[in-house]
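K.L.:
Quick check, what structure comes out for this input:
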Amino acid sequence: MPGPDLTLLAEAARKAGDIAMRFWRQDPQVWDKGGDHGPVTEADLAVNDMLKATLLAARPDYGWLSEETPDSADRLLADRLFILDPIDGTRAFVLGEDNFAVSLAVVEKGVVIAGAVMMPAKNRLYTGEIGGPALCNGVEIRAGARSNLVGSNLLATKANMEPSHWPGGVPELKRSFRTSLAYRLCLAAEGRYDGMITFRDTWEWDIAAGSLICDCAGAKVTDRTGAALRFNSPRAMTAGVIATNPALHRAIMARL
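P.N.:
Below is the predicted model of the structure:
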């Protein structure tokens, strides 16, 4: 049986997905947040409002970090907090594509202990909690076992394959892409792709839930230097993400 925090996240993720679907492909209002922060829609804000009311009512002593809520240093004092993105992949959502996610996590002293990623338009709910399995709609999932980097299929942006990132040589592999980082992590956890990489600094709310789900699926998840991910930092960012099975992770790090 899932623990109380994961049960709470899973229920909230499904409710958030229902709200998002009311706006999807309905020409929602869109604003540009400026500063290279991308778009935000009325759906993002509606989902965020519901989640904040629901989750903090259930756990009033938890801290809060969301892409769509002004940040507060108070969260740094919390032993546990919610880290979430109401809609990860807003650009895909605006375009009417189905690769957007709701990403919800509970973090304790820097470590994700429960996570849920809902894909509303695909009706997929990925979940994981520390020490437990990774699940998709209740069925256990596992990361792939490929060990040869050459010929592997990784989720990454084109910029991540620039030679400047690969002093050991750009590997010959197939590159695929999905807008949502949370979804990329879940696809790696599911073994649909051999892994995912992003070398640019990454917002915690995009990856907190998915990183745990990957870990529960047997993947090794680190930042671009190979260090373990830590959450609830003052900047709310990590030094990129590499998520794949341990053997392939070693092969990637050898090239980096």
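K.L.:
so where's the stretch 151-256 of the chain uncertain?
P.N.:
Across the stretch 151-256 of the chain, nothing is flagged by pLDDT under 70.
K.L.:
Can you show me the strands along it?
P.N.:
In the stretch 151-256 of the chain, the strands defined using DSSP state E, counting those that start in this stretch lie at 153-155, 174-176, 195-198, 202-203, 220-222, 237-238, 241-244.
K.L.:
what's the spacing between the fifth one and its chain's center?
P.N.:
To tie it back to what came earlier, the one meant is strand 220-222. Centre-to-centre, strand 220-222 and its host chain are 13 Å apart (CA atoms, centre = their mean, to the nearest Å).
K.L.:
Can you name the residues in contact with that strand?
P.N.:
The set of residues external to strand 220-222 that reach it, using CB atoms under 8 Å, 6 or more residues apart in numbering, is 185, 211, 214-215, 228-229, 241-246, 249. Using the backbone N, CA and C atoms, a C-beta is placed for each residue, glycine as well.
K.L.:
Just the buried ones from those, in ChimeraX syntax?
P.N.:
Selection of buried members from the contacts of strand 220-222 for ChimeraX, criterion 16 or more other CB atoms under 10 Å:
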select :185,211,214,215,229,241,242,243,244,245,249
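K.L.:
mind giving me a markdown table with the contacts of strand 220-222 and columns for distance to Trp166?
P.N.:
Output for the contacts of strand 220-222, formatted as a markdown table (distance: CB to CB, whole Å):
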| residue | distance to Trp166 |
| --- | --- |
| Leu185 | 22 |
| Ser211 | 23 |
| Cys214 | 22 |
| Asp215 | 25 |
| Ala228 | 22 |
| Leu229 | 22 |
| Val241 | 16 |
| Ile242 | 13 |
| Ala243 | 18 |
| Thr244 | 15 |
| Asn245 | 20 |
| Pro246 | 20 |
| His249 | 15 |
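K.L.:
All the helices of the stretch 151-256 of the chain, residue numbers only.
P.N.:
181-190, 204-216, 246-255 (DSSP state H, counting those that start in this stretch).
K.L.:
and the angle from the second one to helix 181-190?
P.N.:
An angle of 10 degrees separates the directions of helix 204-216 and helix 181-190 when computed by axes from the mean of the first three to the mean of the last three CA atoms, to 10 degrees.
K.L.:
and helix 204-216, how far from the chain's centre?
P.N.:
The answer for helix 204-216 is 5 Å, by CA atoms, centre = their mean.
K.L.:
Can you point out the buried residues in the lengthiest helix in the chain?
P.N.:
Criterion DSSP state H: the longest helix present in the chain is helix 4-23. Neighbour-count burial for helix 4-23 flags 5-6, 8-10, 12-13, 15-17, 19-20, 23 (criterion: 16+ other CB under 10 Å).
K.L.:
outside of that helix, which residues touch it?
P.N.:
So helix 4-23 is contacted by 2, 41-43, 46-47, 50-51, 54-55, 58-59, 86-87, 93, 100, 102, 104-106, 113-121, 125, 127-129, 209 (CB under 8 Å, 6+ apart).
K.L.:
Between helix 204-216 and that helix, find me the angle.
P.N.:
Angle between the axes of helix 4-23 and helix 204-216 is 120 degrees (criterion: the same axes, to 10 degrees).
K.L.:
could you dump the helices of the stretch 151-256 of the chain to TSV with distance to Arg75?
P.N.:
TSV is the format used below for the helices of the stretch 151-256 of the chain (distance: least, CB to CB, whole Å):
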stretch	distance to Arg75
helix 181-190	20
helix 204-216	11
helix 246-255	30
